[in-house]
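# turn this into a model:
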Amino acid sequence: MLATTSLLMGLAMTTPTASAEEEPSPRACALVANVWKDGNYAIFQGGRQGCSTAKNVTVQARRHIAMWPDQELSRISFSAANETRELSIWGTTGHVYFTQTQTDDGAVFHSDRLTF
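All right, here's what the predicted structure looks like:
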């Protein structure tokens, strides 16, 4: 990656510029984690969007349990640069669900909570 340097009020600032090997993405690279209700099912979606290179991603369907460790209901792992996948479970009234998406390098993102 090349860099340009400019002087602003006496401070040198370096601004990265994209190289020929690395094209800037129209969107910022980000983890995705969503959960929603579809009839009697809770749908969990996770992955990565706007990324130029693939990483290993694990998407977990989780149930929040107050004052106790959260329960993992299901998981899927895959390599993704710009892809999401979905899991679904039969929902139980009163349970609180969420999606956790993480990469092998430790980045983690959680969806909002869904009360069924």
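# quick check on Gly50: phi, psi?
phi 70, psi 20 (degrees, to the nearest 10).
# hey, what's the residue minimising distance to the centre of the chain bridged with?
In the chain, the residue lying closest to the centroid (CA atoms, centre = their mean) is Leu31, at 2.2 Å. In this entry, Leu31 is beta-bridged to Arg48, by DSSP bridges.
# so where's this protein uncertain?
1-27 (pLDDT under 70).
# that one: strands as residue ranges?
2-8, 11-17, 30-38, 41-49, 55-64, 71-80, 83-90, 96-103, 108-110, 114-115 (DSSP state E).
# show me the contact partners of the shortest one.
The one in question is strand 114-115. The contact list for strand 114-115, computed with CB atoms under 8 Å, 6 or more residues apart in numbering, reads Val35, Trp36, Lys37, Ala42, Gly94, His95, Val96, Tyr97, Phe98. Backbone N, C-alpha and C define where each C-beta goes, glycine included.
# mind running it again at 6 Å?
Strand 114-115 is contacted by residues Val35, Val96, Tyr97 when judged by CB atoms under 6 Å, 6 or more residues apart in numbering.
# closest one to Leu87 out of those, please.
Val35 (9.7 Å; CB to CB).
# tell me how far the closest one lies from Thr53.
As for Val35, its distance to Thr53 is 27 Å (criterion: CB to CB, to the nearest Å).
# just Gln100 next, same as before
Taking CB to CB, one finds Gln100 at 22 Å from Thr53.
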